[in-house]
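In: model this:
(chains A and B)
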There are 2 protein chains.
Amino acid sequence: MGLKHDTRWWGWGDPGEAADLGRGSEAFLKDRGILPDVAPEPPSLEAIVLPPPAPLPDSMVALVGPGNVHTGHEDRVRHAAGQSLLDLLMLRSGELDQAPDAVVAPPSDQSIGPLLSICADQGIAVVPFGGGTSVVGGVDPAKGRFDRVISLDLGGLKQFRLDRVSMTARLGAGLRGPEAERLLGAEGFTLGHFPQSFEYATIGGFAATRSAGQASSGYGRFDSLVSSARLITPAGELSTLTTPHSAIGPSLREIIIGSEGIFGVIPEVAVRVRPVPEVRRYEGWIAESFEAGSEIFRKLAQSGGLPTVARVSDEPETEVLIANASASGPAGRLLRRYLRLRGRSGGTLIILGFEGTGDEVGRQRARAARALRKGGAIRLGTGVGRGWEKGRFHGPYLREALLDRGAVVETLETAHQWSRHAELYRETGSAIRSAMASQAMNGVVMCHLSHGYPDGGSLYFTVLSSPGNDGAMRSWPVVKSAALEAIQRAGGTISHHHATGRDHAPWLAGEIGELGIEAIAGIKSRLDPEGIMNPEKLLPPLLVR
Amino acid sequence: MGLKHDTRWWGWGDPGEAADLGRGSEAFLKDRGILPDVAPEPPSLEAIVLPPPAPLPDSMVALVGPGNVHTGHEDRVRHAAGQSLLDLLMLRSGELDQAPDAVVAPPSDQSIGPLLSICADQGIAVVPFGGGTSVVGGVDPAKGRFDRVISLDLGGLKQFRLDRVSMTARLGAGLRGPEAERLLGAEGFTLGHFPQSFEYATIGGFAATRSAGQASSGYGRFDSLVSSARLITPAGELSTLTTPHSAIGPSLREIIIGSEGIFGVIPEVAVRVRPVPEVRRYEGWIAESFEAGSEIFRKLAQSGGLPTVARVSDEPETEVLIANASASGPAGRLLRRYLRLRGRSGGTLIILGFEGTGDEVGRQRARAARALRKGGAIRLGTGVGRGWEKGRFHGPYLREALLDRGAVVETLETAHQWSRHAELYRETGSAIRSAMASQAMNGVVMCHLSHGYPDGGSLYFTVLSSPGNDGAMRSWPVVKSAALEAIQRAGGTISHHHATGRDHAPWLAGEIGELGIEAIAGIKSRLDPEGIMNPEKLLPPLLVR
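Out: Next up, the predicted model:
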């Protein structure tokens, strides 16, 4: 018996839910030569050839129960990759160079410690697997120096316990975003964590990767929501106190968070929750330029006036969004007519989302409006905001539709201080465009600013292109490398919220230095002495001793 | 030539500034038998006998310059202890069991790396020393397994660089609180970090110990103000990017912060700063009971309405504060008359401090007032608040005055989630009182709640007693141990803001577990392979390999 599945085996989301490119997007993409005339072959599960699974020790099967060890073809394929562009292209191509020997899905966290002991004893690599939504190769079934690897599916860990007085909740690692929100919502609370992967990503994954969400300007990144954490390692279990804070030494919580499975498994975390807001109000504004929009964003962030959701699209992203809006009805046409009337043909779109009591939302909106008008922005009204809200988790579906048609889309993101923001935007965008030109990839490079802090913000780049699927597998790594090099030259981080995984590991020394790697390797040497946990992720393999 | 000094060699503060106990306090203390009739002998610098200093390698003296290596009697005494009760009693008794062989005060951070290399090569222990205000033995010149130890005085590291656009500042480790505020204030900014040790404690110390201050409910604890940090270790230098946040792995910043000198030296940190507030307004309220006051505090913290400064004193602390106020003029008499008129003979004092623009302060005050009245509290007006503000850094001076008279005062603090707050308060207070009784220590045990978070708050206990100086050296460790055991039984942290040092190290395993200690020891093994950095602090010596 295999695991239950409710998503496309070859990519994102409910297979019954297909994104419509729409007339506007289609025209826009064709106009820029991004939509090939001939669509690629549809993916085929049966066509995938996997190496035969290596047998696992009887003791492991006895420990978790034979019904929880899955070696079927589909289960192995579904745990063979994450959701990066290269992952999706690989699944669609049918050529997988790796798959776990088995998917082990413990029904509770009781058996995880003994399971890791067996794996350490027998030399079996362990890859923790939550929602499988990593876009940086974080769930790749890499074997490291071992000859067997299991994917440890944590989807069964759905525990939930609310502490209403302290406004915290213990959440199992396997709860998906909507499951956690449903459990909390029934009690009147929300976690407020809404990354684009919300529908399928899990609590454990949020914690292991320092996830940030669309509402993180208001609620805070996931790492700041975690009040305590547990970690089950091959060397035993570690857990932090449930106190709100402590002055005792380096923060173990901040060592567990972001550990990306290389020390052990996070079976659950306690998080701070908040009352469900009475009012949620989204609205759109348009600023003269990305520079002007960014400046408004900075001032709001530094005066404590940034709303729950805040993003500023650059000119190319604004153009794409408007083209896309025009397809789904009269909104786009109205929007363009409105802008013409106000004397703006281009500009940059700003989306703001306000949450709280009616009074709070009113006060916040008035405050933001003052800053926006002072910065030369024009209000577009709530229609555009509602449109964004409606489509906020739609991106990955659109990507599937584009891939079906032979166009590719991929993202990367970074962050820096405000004083280096313009340089980071310019240099990263320029490096991406140059690398695309060197690879003869035509297309669009767009960007938005989001996740504001008093001292800086995050830049999120999206590339739309059509090098063909084979072409993309060769070209994208060149583009991504050029972007990461430009980011590191400018002093930005190689990831503000996608984590390190396997894809960013080669750049780790440039981010934290050789000695930073030593510090993390020092922890791993004590918690995972055999090195079975998530090989080749986070730490660059050659640098670890 | 010795170092320049501007404080009492035997304890806290400017020797020209003596605290007056005042008639009210004196009467209160005498009434409770806390003020002995005979004062102890005054301390004598000359009477202290230190072991002769061991000679240091010529290479070290050549590196930092002979004018920066101090081996004089007073310099060694001044770097022989921190500011805990036992430290002060030891200095006053003239019996020091330890002193550094030399005080090395590098004029810049250039020489620190080479200096640590020499110490690692030659087997010399290094104790980083900022303001020397540790109350947990953090600057004790412990030799560990070595036969020489230097105190590395970082007071010369006064660098300052403001990034006005990003609202961050790089601050040298040796800047004292008022120095940093002066530099920032000249540019229109404030750090907002005001622990009771503010006058003499340094930026490096704040970072190394996860300091929290009186305004941390508003500005955040020091660890949350740090945007990036550097660490110079015997194995090289580590520094984090100046980005506002990163999703790359465990947080190195959170490994440097709180490291208490055991990995290396923090030469500087970058911190988020804020505009100097237009208005600062302090006011006092009185609630029916500590329970009622705590509940008001919790509700404010959970609704985002907690002001910059917020503290609730329990009944015994309120009684002491009122007794003390009565001495300094008519304020106390008026206060008591006012309370009688309003039908309150006791109750608990709440101090709130609001900061911001005039509008913000007005709105915050109105919001807090609604919650306070709903919780049954009565406004005392701004006189009491101003009195608290005036005396906010006065506590350590008062302690010197009490010690001069033969009375002792010491503090300890903890934190927990709201759902365990009442239990933590009850059990810790009860353990302290029982232990005092077992030691025949009479006196007063008082407490306040401060440093609020949505999920919990900190409890700060103060003990006033007069077991005589010799008696206190025997009795206090018994009381402190009993308190820490009760705290750990209740699941609280053994320190919310005083750090670990030497005094709390034996309780570390109870806080973070044996595996947590292993994780930290794993880092230390890579950054300080010889183990020269701050021996016997943070990590319990016997548990480290």
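In: Tell me where the stretch 1-150 of chain A has strands.
Out: A:69-70, A:102-104, A:125-129, A:149-153 (DSSP state E, counting those that start in this stretch).
In: quick one, domains of chain A?
Out: A:49-276+A:504-545, A:279-392 (automatic domain parsing).
In: residues from the stretch 251-400 of chain A in reach of chain B?
Out: Contacts of the stretch 251-400 of chain A with chain B, taken as C-beta under 8 Å from any C-beta of the partner chain, map to A:251-252, A:254-260, A:272, A:274, A:298, A:302. The C-beta positions use only the backbone N, C-alpha and C, and glycine is treated the same way.
In: can you redo the strands of the stretch 1-150 of chain A as a markdown table with distance to B:Cys119, mean neighbour count and mean pLDDT?
Out: As requested, the strands of the stretch 1-150 of chain A are arranged in a markdown table below (distance: least, C-beta to C-beta, whole Å; neighbours: other C-beta atoms under 10 Å in any protein chain shown; pLDDT from 0 to 100):
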| stretch | distance to B:Cys119 | mean neighbour count | mean pLDDT |
| --- | --- | --- | --- |
| strand A:69-70 | 54 | 21 | 97 |
| strand A:102-104 | 49 | 28 | 98 |
| strand A:125-129 | 41 | 27 | 98 |
| strand A:149-153 | 44 | 26 | 98 |
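In: Ok, which of those comes nearest B:Gly353?
Out: strand A:125-129 (45.7 Å; C-beta to C-beta).
In: I'd like to check what contacts that closest one. Which residues are they?
Out: A:79, A:100, A:103, A:115-116, A:119, A:139-144, A:146, A:148-154, A:204, A:208, A:261, A:265-266, A:532-535 (C-beta atoms under 8 Å, 6 or more residues apart in numbering or on different chains).
In: Go again with 7 Å.
Out: A:79, A:100, A:116, A:119, A:139, A:141, A:143-144, A:146, A:148-154, A:261, A:265, A:532-535 (C-beta atoms under 7 Å, 6 or more residues apart in numbering or on different chains).
In: ok, how many other residues are close to the closest residue in space to A:Ser216 that isn't next to it in sequence?
Out: Among residues not flanking A:Ser216 along the chain, A:His451 sits closest, at 5.4 Å (C-beta to C-beta, 6 or more residues apart in numbering or on different chains). Per other C-beta atoms under 10 Å in any protein chain shown, the neighbour tally for A:His451 reads 26.
In: got the contact list for A:His451?
Out: Counted by C-beta under 7 Å, 6+ apart, A:His451 has contacts A:Ala212, A:Ser216, A:Ser217, A:Gly457, A:Ser458, A:His496.
In: Nearest to chain B, out of the residues you listed: which one, please.
Out: A:His496 (5.8 Å; C-beta to the nearest C-beta).
In: Could you report the distance from the closest one to A:Ile351?
Out: For A:His496, the distance to A:Ile351 equals 18 Å [C-beta to C-beta, to the nearest Å].
In: Touching, A:Ala47 and A:Gly94? I think so.
Out: Yes. The pair A:Ala47 / A:Gly94 is scored as a contact, 4.5 Å apart, by C-beta atoms under 7 Å.
In: neighbour count winner among these two?
Out: A:Gly94 (16 against 10).
In: Now for the more buried one: which residues touch it?
Out: By C-beta under 7 Å, 6+ apart, A:Gly94 lies in contact with A:Pro43, A:Ser44, A:Ala47, A:Ile48.
In: could I get those as TSV with pLDDT and distance to chain B?
Out: As requested, the contacts of A:Gly94 are exported to TSV (pLDDT from 0 to 100; distance: C-beta to the nearest C-beta, whole Å):
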residue	pLDDT	distance to chain B
A:Pro43	93	30
A:Ser44	95	35
A:Ala47	93	35
A:Ile48	95	31
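In: Out of the contacts of A:His451, which sit inside helices?
Out: Judged by DSSP state H, the contacts of A:His451 include A:Ser216, A:Ser217 as members of helices.
In: which two of the contacts of A:His451 lie the greatest distance from each other?
Out: Taking C-beta to C-beta, the two most distant members of the contacts of A:His451 are A:Ser217 and A:His496; they sit 12.4 Å apart.
In: Around chain B, pick out the residues from the stretch 401-545 of chain A.
Out: Residues of the stretch 401-545 of chain A lying close to chain B by C-beta under 7 Å from any C-beta of the partner chain are A:415-419, A:453-456, A:491-500, A:508, A:511-513, A:515-516, A:518-523, A:525-527, A:538.
In: For PyMOL, write a command that selects the buried ones of these.
Out: Burial among these is assessed by 16 or more other C-beta atoms under 10 Å in any protein chain shown; the matching PyMOL selection reads:
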select buried, chain A and resi 415+416+417+418+419+453+454+455+456+492+493+494+495+496+497+498+499+500+508+511+512+513+515+516+518+519+520+521+522+523+525+526+527+538
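In: Among the residues of the stretch 401-545 of chain A next to chain B, which are located in strands?
Out: Assignment to strands by DSSP state E places the following of these there: A:Ala415, A:His416, A:Gln417, A:Gly456.
In: Turn those into TSV, including distance to A:Arg373 and pLDDT.
Out: Shown next, in TSV, are these (distance: C-beta to C-beta, whole Å; pLDDT from 0 to 100):
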residue	distance to A:Arg373	pLDDT
A:Ala415	27	98
A:His416	27	97
A:Gln417	26	97
A:Gly456	24	97
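In: now, which of these sits nearest A:Phe28?
Out: Nearest to A:Phe28 among these, with distances taken as C-beta to C-beta, is A:Ala415, at 29.0 Å.
In: Now the stretch 251-400 of chain A against chain B: closest residue?
Out: For the stretch 251-400 of chain A, C-beta to the nearest C-beta, closest residue to chain B: A:Glu254, 3.5 Å.
In: which helices and strands sit right next to the strand or helix carrying that residue?
Out: Per DSSP states H and E: A:Glu254 is located in helix A:253-256. When contacts are defined as 3 or more C-beta pairs under 7 Å, 6 or more residues apart in numbering or on different chains; DSSP states H and E, helix A:253-256 packs onto strand A:226-233.
In: tell me what the strand it packs on is packed against?
Out: Using 3+ C-beta pairs under 7 Å, 6+ apart: strand A:226-233 touches helix A:112-122, strand A:236-239, helix A:253-256, strand A:268-272.
In: mind running it again at 6 Å?
Out: helix A:253-256, strand A:268-272 (3 or more C-beta pairs under 6 Å, 6 or more residues apart in numbering or on different chains; DSSP states H and E).
In: any idea of the mean pLDDT for the first one?
Out: Taken as a whole, helix A:253-256 has a mean pLDDT of 98.
In: just the last one next, same as before
Out: When the per-residue pLDDT values of strand A:268-272 are averaged, the result is 98.
In: Kindly report the same for stretch A:474-484.
Out: The model assigns stretch A:474-484 a mean pLDDT of 96.
In: Contacts for it, please.
Out: A:Leu85, A:Leu412, A:Thr428, A:Ala431, A:Ile432, A:Ala435, A:Met436, A:Gln439, A:Met441, A:Pro467, A:Ile494, A:Trp507 (C-beta atoms under 6 Å, 6 or more residues apart in numbering or on different chains).
In: residue contacts, A:Glu413?
Out: Shown in contact with A:Glu413 (C-beta under 6 Å, 6+ apart): A:Ser458, A:Tyr460, A:His496.
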